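Colleague: Got a predicted structure here, sequence first:
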Amino acid sequence: MKIVIIGGGWSGCAAAISARKAGAEVEIFEKTDLLLGLGNVGGIMRNNGRYTAAEELIALGAGDLINITDANTLHKNIDFPGHEHAWLYNVNRIEPAVRRHIEKMGIKIRFVSRVVDVNMEGIGIKGVYLSNGEYIEADAFVETTGSTGPMGNCLRYGNGCSMCILRCPAFGPRVSISYRAGIEDIKGERQEDVFGAFSGSCKLEKDSLSEKIVNQLDETGVVVLKVPPEDINTDKLKQKVCQQYALKEFAENIVLLDTGHAKLMTSYYPLDKLRKIEGLEEAKFVDPYAGGKGNSIRYLSVAPRSNQMKVVGLDNLFCAGEKSGLFVGHTEAITTGSLAGHNAVRNELGMPLLTLPRNLATGDIIAYANEKVQTTEGRRNRYTFAGAEYFKRMKDNGLYILESEEIQKKVRKLELDNIFNQKLV
């Protein structure tokens, strides 16, 4: 059995790992020259409800990528406004570590390989076409192309191409494979009739900051600096994709996190205003390079799907990550990707598809986000274990648990322990 993964971000890597564990031959097609996509400039794990989700994934047998981020963590259990017990992985070390793990599993990776079209057979995909004209057939497909860009969307709904880590001008635009297969995309909104949302953070070169700030980042992982009163802009919070960081504290302060770079927790910040702040007089953006003007635009290409991650209306296409809903974050991508890859194998074997139960946070967020995306109000919200609407729901429903042993017992009681480690083929 051959499973093709379209997109090599966190969700694509998770899908590849779970499909491979289930016994399939797996090949990832990634349009750039790096795995992990936005994960190369992300870095925040285990904050708030993501701790629970990470431990659930480990208990379910889908902990490979969690273990890798844990092993590459620079700071553990740090707090910053609205967030507790965050772990920050090194964005400069993570991609090679994930690449080694995936290659060691026997998963093939095709870099600089952009999937642009499909060959349909009934309501299933028989094969896909690459931008160079090459044709690839498989038994099932998992689309994890994300929802960011391409350049035209960043221009239309944002402030233009921000020259971000996805590098569309160099490697070509993202293509919605579900749309090519005849399924209409869902668009997220940030307000009435305004689609998409800005990515929530930028990266500063640590060496461009003052010695005092660098030392504090190295020691504690977090620095909070006051924004001059005349430069406070709370309206900008409404544009952010990461609603768990759309708190007034993030408008009134510069919040920096140490992820190898200095992660600046705002969508963009004019460089002349940034350099007014003590310690940032020589600050330099490293992602996106146009971080003084804008950021990437996301949530313009979500596929309708079931709670088993199967694209509605198609026989053999699954989806994960931002492609599968208005999700925010690496842990959320790993959760949806793990289920999509596993169920792609089950689907081809004619087995019942796995549904993660709603008394697990990982199962509940998949179902809840699916319900909410059907409504206008729901399409204006984002769903993450780390904050905003969904984290409140976790706490209200007793899903927010910090004791690993309790989570393991819960998963065992559901008879789902190590379900993603089971070989099916």
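Modeller: That came through fine.

Colleague: mind giving me the domain split of this structure?
Modeller: 2-77+90-196+298-421, 198-287 (automatic domain parsing).

Colleague: Can you add mean pLDDT and distance to residue 84 and give those domains back as CSV?
Modeller: The way it works is simple: take the backbone N, C-alpha and C, and place the C-beta from them, glycine included. Supplementary listing: the domains of the chain in CSV, determined by pLDDT from 0 to 100; distance: least, C-beta to C-beta, whole Å:
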stretch, mean pLDDT, distance to residue 84
domain 2-77+90-196+298-421, 96, 6
domain 198-287, 88, 12
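
Colleague: Return the most buried member of those domains.
Modeller: domain 2-77+90-196+298-421 (a mean of 21; mean count of other C-beta atoms under 10 Å).

Colleague: now the end-to-end length of that one.
Modeller: Domain 2-77+90-196+298-421 has its terminal residues 18 Å apart, counting by C-alpha to C-alpha, to the nearest Å.

Colleague: same deal with stretch 102-121?
Modeller: Stretch 102-121: ends 31 Å apart by C-alpha to C-alpha.

Colleague: now the strands for the stretch 151-300 of the chain?
Modeller: Along the stretch 151-300 of the chain, counting by DSSP state E, counting those that start in this stretch, strands occupy 189-191, 194-195, 197-198, 202-204, 222-226, 253-258, 262-264, 285-287, 297-298.

Colleague: Give me the phi and psi for residue 63.
Modeller: Phi and psi for residue 63, reported as degrees, to the nearest 10, are phi -90, psi 0.

Colleague: And for residue 291?
Modeller: Residue torsions, per degrees, to the nearest 10, at residue 291 are phi -60, psi -10.

Colleague: Report the beta-bridge partner residues of residue 311.
Modeller: When assigned by DSSP bridges, residue 311 has beta-bridge partners residue 305.

Colleague: Check the spacing between residue 186 and residue 369 real quick.
Modeller: 11 Å (C-beta to C-beta, to the nearest Å).

Colleague: Over to residue 212?
Modeller: 42 Å.

Colleague: Please apply the same query to residue 35.
Modeller: 24 Å.

Colleague: Over to residue 36?
Modeller: From residue 36 across to residue 369, the span is 22 Å (C-beta to C-beta).

Colleague: I figured residue 20 hits residue 107, correct?
Modeller: Yes - because the distance of 5.3 Å satisfies C-beta atoms under 8 Å, residue 20 is recorded as touching residue 107.

Colleague: and for these two, which residues touch both?
Modeller: Shared contacts of residue 20 and residue 107, defined by C-beta atoms under 8 Å, 6 or more residues apart in numbering, comprise residue 26.

Colleague: thinking again about what came up before, any chance of the strands of the stretch 151-300 of the chain in JSON lines, plus distance to residue 345?
Modeller: What follows is the strands of the stretch 151-300 of the chain, written out as JSON lines (distance: least, C-beta to C-beta, whole Å):
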{"stretch": "strand 189-191", "distance to residue 345": "35"}
{"stretch": "strand 194-195", "distance to residue 345": "34"}
{"stretch": "strand 197-198", "distance to residue 345": "33"}
{"stretch": "strand 202-204", "distance to residue 345": "37"}
{"stretch": "strand 222-226", "distance to residue 345": "41"}
{"stretch": "strand 253-258", "distance to residue 345": "37"}
{"stretch": "strand 262-264", "distance to residue 345": "36"}
{"stretch": "strand 285-287", "distance to residue 345": "35"}
{"stretch": "strand 297-298", "distance to residue 345": "29"}
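
Colleague: Indicate which one of these is closest to residue 115.
Modeller: For the strands of the stretch 151-300 of the chain, the distance to residue 115 is smallest for strand 297-298, at 19.5 Å, taking C-beta to C-beta.

Colleague: Provide the contact partners of the closest one at residue level.
Modeller: Residues outside strand 297-298 that contact it (C-beta under 8 Å, 6+ apart): 146-149, 153-154, 157-158, 188, 196-199, 241, 322.

Colleague: Please apply the same query to stretch 365-376.
Modeller: 53, 186, 189, 302, 305-307, 309, 325-327, 332, 335-336, 339, 356, 358, 378-379, 381, 383, 385, 390, 393.

Colleague: same thing but 6 Å
Modeller: 186, 307, 325, 358, 378-379, 383, 390 (C-beta atoms under 6 Å, 6 or more residues apart in numbering).

Colleague: give me the element the closest residue to residue 175 other than its chain neighbours is part of.
Modeller: Using C-beta to C-beta, 6 or more residues apart in numbering and skipping the chain neighbours, the partner closest in space to residue 175 is residue 116 (5.0 Å). If you go by DSSP states H and E, residue 116 is part of strand 115-121.

Colleague: That strand pairs with which strands?
Modeller: Within its sheet, and counting by DSSP bridges, strand 115-121 is paired with strand 124-130 (antiparallel).

Colleague: Tell me which helix or strand comes right after the strand it pairs with.
Modeller: strand 135-137.
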